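> fold the following for me, if possible:
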Amino acid sequence: MTAAAAPRRPGLLTWWACGARSLRQDVLRRWWLYGVLLAIWTLALVRLFVSHVPVLPVMFNWTPSLPYSVVYVDYWNGPIQRGDLVVYRFTGEAGQRDYPGLKEQAFFKRVAGMPGDTVTVAGREVFVNGILVGHAKTHTFDRRPLQPIAPTVIPPGFLYVQGTSPDSFDSRYRNSGLVPLRDVQAKVRPIF
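Numbers count the residues shown, from 1 in each chain. Here you go, the predicted structure:
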């Protein structure tokens, strides 16, 4: 068999051109699907690189910190009260030093303490106004030490927030601490 008789394989450029043509036809046929995917990726990139707080009125929870998977972000509701679920930007000073990846991330937790409430600690048990709100673990899953919050009276402009999971990173730890009201973005309402 001579070199001239051997079958020719298309070049890489020809292969890319065929793939691009096929993709273009698929985009034109299913434009609505690609539009939705583009919108989702655009919002994800905005949240990642521009603003970590929610852009859409829906948040998804992938952690066991609260028993809800999907919540509606309610930007136009009244004043915050004990028991409300809130979304806030994480700005705990000690937490930023120990957990720089959490800086400005959106968390949502339940409000367990309001300004004027008394936070006390007995061993690693944390109480708000004498009611047990949680047990502070000794370390994180990656073996970093955790200290319980210092006993205090919650000052004006701050909230004590709590997750329902024993593994929730919330106000029971000094690394997270009390949440400034200025960092609270909105209330959230569980969908499921």
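> quick one, phi/psi of the nearest residue to Ala150 once chain neighbours are set aside?
Using CB to CB, 6 or more residues apart in numbering and skipping residues adjacent in sequence, the residue nearest Ala150 is Arg174, 6.6 Å away. C-betas here are computed from N, CA, C, even on glycine. Taking degrees, to the nearest 10, you get phi -60, psi -30 for the backbone angles of Arg174.
> correct me, but Arg174 touches Gln147?
Yes: at 4.6 Å, Arg174 and Gln147 qualify as touching, with contact defined as CB atoms under 8 Å.
> quick check: Leu43 is in a helix.
Yes: per DSSP: H, G, I helix; E, B strand; the rest coil, Leu43 lies within a helix segment.
> could you measure from it over to Pro115?
Look at Leu43 and Pro115: by CB to CB, to the nearest Å, they are 34 Å apart.
> same deal with Pro166?
With distances taken as CB to CB, Pro166 is found 26 Å from Pro115.
> and what about Val27, helix, strand or coil?
helix.
> what about the residue nearest to it when sequence neighbours are not counted, which SS state?
Leaving aside its sequence neighbours, Val27 sits nearest to Tyr34 (CB to CB, 6+ apart; 5.2 Å). Secondary structure, three-state DSSP: Tyr34 is helix.
> need the pLDDT of Tyr34.
Per-residue pLDDT puts Tyr34 at 91.
> likewise Leu178?
94.
> again, but for His52
Confidence score, pLDDT, at His52: 62.
> the one 5 residues further on now?
Per-residue confidence for Pro57 comes out at a pLDDT of 80.
> what's the spatially closest residue to it that is not a sequence neighbour in contact with, if anything?
Using CB to CB, 6+ apart and skipping the chain neighbours, the partner closest in space to Pro57 is Val73 (4.7 Å). Residues in contact with Val73 (CB atoms under 8 Å, 6 or more residues apart in numbering) are Pro54, Leu56, Pro57, Val58, Met59, Val87, Gln185, Ala186, Lys187, Val188.
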